[in-house]
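Asks: Sharing a model that was predicted from the sequence below.
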Amino acid sequence: MSSELSTAKDLLAKLVGFDTTSAKSNLALIDFAEDYLAGHRVSATRVATEDGKKASLCATIGDGDGGIGLSGHSDCVPVDGQNWTSDPFTLTARDGKLFGRGTCDMKGFIACVLACVPRFKAKPLKEPVHIFISYDEEVGCVGVRPMIARFGADLPKPRLVIVGEPTGMQVIDGHKCIDVFNTTVTGKEAHSSLPALGVNAISAAAKLIGEIDRMAAEAAACENDPHFEPPYSTLGAAMIDGGTAPNIVPNSCDILWQMRGLPNTKMKDAPARLAAFAEETLLPEMRKVAPDANVETETKTSVPAFSATAKSEAVALAMSLTGANRASAVSYATEAGLFEQAGCPAVVCGPGDIAQAHAADEFVAISQLEMCLKFLDDLTARLRA
């Protein structure tokens, strides 16, 4: 274990050194991972974007059908505007913690998986281990989708998948969906001294935000799933952009808003309800002045909820390996729901605390890496039994 921990730390230092903020390429990290695997005589397949600037990686150790997938994303969130006490792209150790962007979310897990490659290869496995490294998880689980689409064709379809998001090595069997929408209000510009000649798009947007808030209150009052915190779906406006100058009635306004819904929420029709509110309450008056006035909503991102079945093999395996007697749910989203939709039972379990993710001075505790390595070692033993 001590040698694997040392290797995992070294690998994590390399991984953190690659600035894989979602707006940038992840190819340097993919090159490194591919070379590392090749050094252990493990071949890998890239699933690249059309422009070739990003790629996911799939590698298999062992023979046979099915197998266990170990999935992690390579991208991280920006550090802009955050007050770091050390270089976010240089791994820094202090007080039993390893600091750096992505240490927790989720390069720590990838480092542990790569560190265990020699152990996976040391003896024949009853079924294979598949390593999946994706891109652009942070902007809607984008990169894993083309890879999943090739399962059962030119890429192996795992029997189950462990998604190593930071859970403190607790077993997670469910999470909410994330739907992000952009609603565009089209009004009519006019001189601000004669506002009746125009249609104020920002004012209309404010009323739409009020309706979003009303739907949020309805969800809070009507939904109650104690497996989640909070135990109801949440909706809210996140960004608003409109207007040109103080002396012009704004003719356009955009609202970026989000829903994090329970797996069985009835609030999935929120965009349709917002459209109905606009048609019935706002647009008749707006169109008396501006016949072309409109309210349109488009989906920007949609990540499905994850809800493992009661007899999920993935959850049962993770509970057995961790010794947990129950599983929990979280309100953040992962790639697990996409694996489930593809017919691969999934579970979320990985090192680190989600409270550290996306924050300045992000870190993963060394003790968490040790727990993850033990989890993977026990998995290896299980696959040889």
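Replies: Noted; the coordinates are in hand. Just so it is clear, the model here is predicted, and its values are computed rather than measured. Numbering: from 1, shown residues only.

Asks: List the residues that contact Leu376.
Replies: By C-beta atoms under 8 Å, 6 or more residues apart in numbering, Leu376 lies in contact with Leu70, Cys112, Val113, Cys116, Arg119. All C-beta atoms are positioned from the backbone trio N, CA, C, and that covers glycine.

Asks: possible to save those as JSON lines with neighbour count, distance to Gly210 and secondary structure?
Replies: Below are those laid out as JSON lines (neighbours: other C-beta atoms under 10 Å; distance: C-beta to C-beta, whole Å; DSSP: H, G, I helix; E, B strand; the rest coil):
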{"residue": "Leu70", "neighbour count": "26", "distance to Gly210": "45", "secondary structure": "strand"}
{"residue": "Cys112", "neighbour count": "30", "distance to Gly210": "47", "secondary structure": "helix"}
{"residue": "Val113", "neighbour count": "27", "distance to Gly210": "47", "secondary structure": "helix"}
{"residue": "Cys116", "neighbour count": "24", "distance to Gly210": "52", "secondary structure": "coil"}
{"residue": "Arg119", "neighbour count": "17", "distance to Gly210": "57", "secondary structure": "helix"}
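
Asks: got the residues you listed as a markdown table, with distance to Ala220 and pLDDT columns?
Replies: Shown next, in a markdown table, are these (distance: C-beta to C-beta, whole Å; pLDDT from 0 to 100):
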| residue | distance to Ala220 | pLDDT |
| --- | --- | --- |
| Leu70 | 37 | 98 |
| Cys112 | 38 | 98 |
| Val113 | 39 | 98 |
| Cys116 | 43 | 98 |
| Arg119 | 47 | 96 |
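
Asks: got a markdown table for the residues you listed, with distance to Lys300 too?
Replies: Output for the contacts of Leu376, formatted as a markdown table (distance: C-beta to C-beta, whole Å):
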| residue | distance to Lys300 |
| --- | --- |
| Leu70 | 29 |
| Cys112 | 33 |
| Val113 | 31 |
| Cys116 | 37 |
| Arg119 | 41 |
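
Asks: Just the closest of the residues you listed to Glu340, please.
Replies: Taking C-beta to C-beta as the measure, Glu340 lies nearest Leu70 of the contacts of Leu376, at 16.1 Å.

Asks: show me what contacts the closest one?
Replies: Going by C-beta under 8 Å, 6+ apart, the list of residues near Leu70 reads Val113, Val129, His130, Ile131, Phe132, Val161, Ile162, Gly164, Leu376.

Asks: Report the separation between it and Gly236.
Replies: 34 Å (C-beta to C-beta, to the nearest Å).

Asks: now swap in Ala359 and tell me
Replies: For Ala359, the distance to Gly236 equals 20 Å [C-beta to C-beta].

Asks: ok, now Asp87?
Replies: Asp87 is 34 Å from Gly236, where distance means C-beta to C-beta.

Asks: now Cys222
Replies: Plainly put, Cys222 is 17 Å away from Gly236 if you go by C-beta to C-beta.

Asks: Kindly report the same for Leu256.
Replies: 10 Å.

Asks: and the gap between Lys300 and Asp63?
Replies: Lys300 is 42 Å from Asp63, where distance means C-beta to C-beta.

Asks: whoops, Thr7 was the one
Replies: For Thr7, the distance to Asp63 (C-beta to C-beta) stands at 25 Å.

Asks: quick one, what contacts the closest residue to Leu70 other than its chain neighbours?
Replies: With sequence-adjacent residues excluded and distances taken as C-beta to C-beta, 6 or more residues apart in numbering, Leu70 is closest to Val113, at 4.9 Å. Contact partners of Val113, counting by C-beta under 8 Å, 6+ apart, are Leu70, Gly72, Ile131, Gly164, Leu376.
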